[in-house]
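[1] structure of the sequence below:
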Amino acid sequence: MQKAIKGFRFFLIGCFVLYAIYLIYFVVWRAPVLNRKGANPRPWILESRIQRGGIFARGGEKIAESLPVGEHFTRKYYYGRIYAQITGYESKRLGKTGLESSYDDQLLGLKGSLKKSLEVRWGVRGIRGNDLYLTVDHQLQLKAWNLLSPYTGAAVVLNPKTGEILALVSSPSFDPDPLYLEKNWETVKREPGRLLVNRATVGLYPPGSILKIVTAAAGLKKFPGLEGNVYDCRGEIKIHGRILKDLRAHGLVDLKRALAVSCNSYFANLGLRLGAGDFAEGLAAFGWGQDYTLDVPTQTIPLPRESFSKPEGLAEAAIGQGKIVVSPLFMAMVAGAIGNDGVMMKPYLVREIRSHEGSVVWKAQPQILRLAVSPEIAAKVRDAMIEVVRNGTGTAAALPGIEVAGKTGSAENPTGKPHAWFVAFAPARDPQVVVSVIIEHGGQGGRAAAPIARELMRTALARRGL
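    Next up is the predicted model:
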């Protein structure tokens, strides 16, 4: 009998130990993940006691706030689709995305505030979260949306000296109102325009001829004096049976002229001269294959080294075709590095965080992401980009009295007309703004994307008093 009792006692102790381990696992290890689950009601019970902080544009324009409805709060988005890809949404049933997700603790005012966290858990009501103030210029954001909304595409406007995102739009977009989304979620998800996809930061597209600025930079690094050499363009180049055509035979062209007229033969030949290794390293210097973060989701830009192993694949890549893909945000960063003497700045969307009383609790500081190329190489590529707008394929982006550096792109794709690209910065020799625009199936970049980029630069510079 004593033996049976002793065995039962050990059984109970064993069960208690296992249960304790089970609780520790969930409380310590799994708690952070479970707290982020939209189906977990406990965080929402706690949040119901807090008035979530607001989101404001650069000049203080209110983008989002929480309004009391009975004993609860509902999220109000004042500009809907225009900011949806930045703010994301906040929904009890669907969860949180965008800034609503990445700055959740700050908007609730809980990060770094033990007192407020305890007040929430004790059931104290009337607590207010912190407010986000963005880098986004509201008037420029409205302009970008008005220009892009008739199309499928994206636009990004940056300050190349700081990395501040002055505007970011993706079209088509969605209505982030939580009541609307919860009611129409299945319809929104199945919409053929992929409304929920932020084309500006996670959309990956072949870059077409805008990549030639990177090929030029890699060529200048390997071949000092390259800008003085000439190449005889006969309208096409043949590599192992693969023919890459130009719009016409350009004749004798140097680097500056080749970029201005977007000569495929010149840059395909330059890619072959560089070789797979140096071309890949040239891409890596600008960030291909390397992670970078933003306040909203981004996509790592792949570096497909294996596709450069064959000459025809290398030649295609050197003119922005083949396996090369980029996002609009990333190409704004690339163009910005050229304009900023080779220095690529880390992009960011949140300028500062303020308490409800108005005191600044956190302020962003510009950060250098990488040195892509030397200042000397950047200056030579910049001069060639100035020629693109002055006398080449990008004349539609010219601004009276302001020197603009840019590059057009018409990226072939297997599903229809080419994607139209344009990247640019201005004023060219002291850039205050860099723009990246893509219009899906837009055709020629100089016709479809360059005029949009011009108006964005015009508005951005005027907002800065230039």
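[2] all strands for the stretch 201-350 of the chain, in order.
    Assigned by DSSP state E, counting those that start in this stretch, the strands in the stretch 201-350 of the chain fall at 231-233, 236-239, 242-245, 251-253, 343-345, 350-354.
[3] right, and those - which one's nearest Leu110?
    strand 350-354 (12.5 Å; Cβ to Cβ). In short, each C-beta sits where N, CA and C put it, glycine included.
[4] tell me the mean pLDDT over that closest one?
    Mean pLDDT, strand 350-354: 97.
[5] CA atoms only: put that strand into PDB for me.
    Coordinates of each C-alpha in strand 350-354 appear next as PDB, following Å, rounded to 0.1, in the frame of the first residue of the first chain:
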ATOM      1  CA  VAL A 350       8.900  58.300 -39.100                       C
ATOM      2  CA  ARG A 351      10.500  61.600 -38.200                       C
ATOM      3  CA  GLU A 352       9.700  61.800 -34.500                       C
ATOM      4  CA  ILE A 353       7.400  60.400 -31.800                       C
ATOM      5  CA  ARG A 354       5.700  62.800 -29.500                       C
END
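[6] which helices and strands sit right next to it?
    Counting contacts by 3 or more Cβ pairs under 8 Å, 6 or more residues apart in numbering; DSSP states H and E, strand 350-354 packs against strand 131-134, strand 360-363.
[7] winner for burial among those strands?
    strand 131-134 (a mean of 24; mean count of other Cβ atoms under 10 Å).
[8] ok, then the element right after that strand?
    Note on strand 131-134: by DSSP states H and E, the next helix or strand toward the C-terminus is helix 138-148.
[9] buried stuff in that next one?
    138-145, 147-148 (16 or more other Cβ atoms under 10 Å).
[10] and stretch 97-114, by the same measure?
    For stretch 97-114, by 16+ other Cβ under 10 Å, it's 97-104, 106-111, 113.
[11] with stretch 176-191 instead?
    Of the residues in stretch 176-191, 176-178, 180-181 count as buried by neighbour count, 16+ other Cβ under 10 Å.
[12] and for the helix or strand where Asp105 lies, what's in contact with it?
    Per DSSP H and E, Asp105 falls inside helix 104-108. The contact list for helix 104-108 (Cβ atoms under 8 Å, 6 or more residues apart in numbering) reads 47, 50, 52-53, 55, 96, 100, 111, 129-130, 132, 353, 362.
[13] cool, and stretch 371-386?
    213, 216-217, 220-221, 227, 255-256, 259-260, 285-287, 334, 337-344, 403-407, 424, 428-429.
[14] where does the stretch 251-400 of the chain dip in pLDDT?
    The model of the stretch 251-400 of the chain has no residue with pLDDT under 70.
[15] in stretch 289-300, what's buried?
    The neighbour-count check on stretch 289-300 (16+ other Cβ under 10 Å) flags 292, 294-296, 298-299 as buried.
[16] stretch 212-222 now?
    212-221.
[17] with pLDDT and distance to Ala64 added, can I get those residues in CSV?
    Formatted as CSV, these follow (pLDDT from 0 to 100; distance: Cβ to Cβ, whole Å):
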residue, pLDDT, distance to Ala64
Lys212, 98, 40
Ile213, 98, 37
Val214, 98, 37
Thr215, 98, 42
Ala216, 98, 42
Ala217, 98, 40
Ala218, 98, 43
Gly219, 98, 47
Leu220, 98, 46
Lys221, 98, 45
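[18] ok, those vs Leu166, which is closest?
    Distance ranking of these against Leu166, using Cβ to Cβ, places Ile213 first at 21.1 Å.
[19] that closest one touches Lys407, doesn't it?
    Yes - in this structure Ile213 lies within contact range of Lys407 using Cβ atoms under 8 Å: 5.4 Å.
[20] where do the contact lists of these two overlap?
    Joint contacts of Ile213 and Lys407 (Cβ under 8 Å, 6+ apart) are 259, 335, 385, 423.
[21] can you tell me the closest non-neighbouring residue to the first one?
    By that I understand Leu259. Leaving aside its chain neighbours, Leu259 sits nearest to Ala384 (4.1 Å; criterion: Cβ to Cβ, 6 or more residues apart in numbering).
[22] how many other residues sit next to the one you found?
    The number of residues packed near Ala384 is 25, by other Cβ atoms under 10 Å.
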